[in-house]
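A.B. asks: Quick check, what structure comes out for this input:
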Amino acid sequence: MGVSAAVAGTAISCGDSRGRGSWRFFTEREALVVEATCAQLIPTDRDPGAREAGVVHYIDIQLAKRFRKHQAAYRKGIATLDAGSRSKFGKGFVELTADQQVEALNALEENSGAFFDVLLAHTRQGFYGDPRHGGNRDMASWKMLNLPFPPVRGRQSYEEPKAG
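C.D. replies: Got it, this is the predicted structure:
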């Protein structure tokens, strides 16, 4: 058996029976849809976008913790987006072209604005937030903005004004 077959077998055996793999909340398919959505909301250009910053991991972690109240909205919203894509284009959201994905997201925003707004807010948080929460991998957005890594979390270092 080749190395790639052994790795594939290991990956399959490590996942659970519900299709979650290494995800805490998302199924594998849901994670792919959310990752593609986030990549449209904060695309890669000369700097890393949401995909490279691991925003989907941030959202997944937070849905298992602080964002639990949004779990049902995510399940329904992801299913709505994927079903709408299949209905209009004959393919799931992940398989669409970039232009088709934008069109599908515009329809989602029109028809399911509350979910879209939550997803957009979580995407921004995962991209610009502290990497310790699961997103902003390698401080991608901070590097893009030329921000120094804060030496003490949550505190800004200021110089004391000189008495004078």
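A.B. asks: contacts and neighbour counts: CA atoms only from here.
C.D. replies: OK.
A.B. asks: Next, name the residue at the spatial heart of the chain.
C.D. replies: residue 56 (2.3 Å; Cα atoms, centre = their mean).
A.B. asks: what helix or strand does that residue sit in?
C.D. replies: Assigned by DSSP states H and E, residue 56 belongs to helix 55-63.
A.B. asks: which residues are contacting that helix?
C.D. replies: 23-26, 31, 34-35, 38, 50, 68-71, 122-123, 126-127, 133-136 (Cα atoms under 8 Å, 6 or more residues apart in numbering).
A.B. asks: do the same with stretch 34-44
C.D. replies: With Cα under 8 Å, 6+ apart as the test, stretch 34-44 has contacts from 49-52, 55-56, 78, 93-94, 98, 101-102, 105, 120, 123.
A.B. asks: List the buried residues in it.
C.D. replies: Within stretch 34-44, the residues that count as buried by 16 or more other Cα atoms under 10 Å are 34, 35, 36, 37, 38, 39, 40, 41, 42, 43.
A.B. asks: Report the two of these separated the most.
C.D. replies: With distances taken as Cα to Cα, the most widely separated pair in these is 34 and 43, at 13.2 Å.
A.B. asks: tell me which residues in stretch 93-110 are buried?
C.D. replies: Neighbour-count burial for stretch 93-110, counted by 16+ other Cα under 10 Å, picks out 93, 94, 95, 96, 101, 102, 104, 105, 107, 108.
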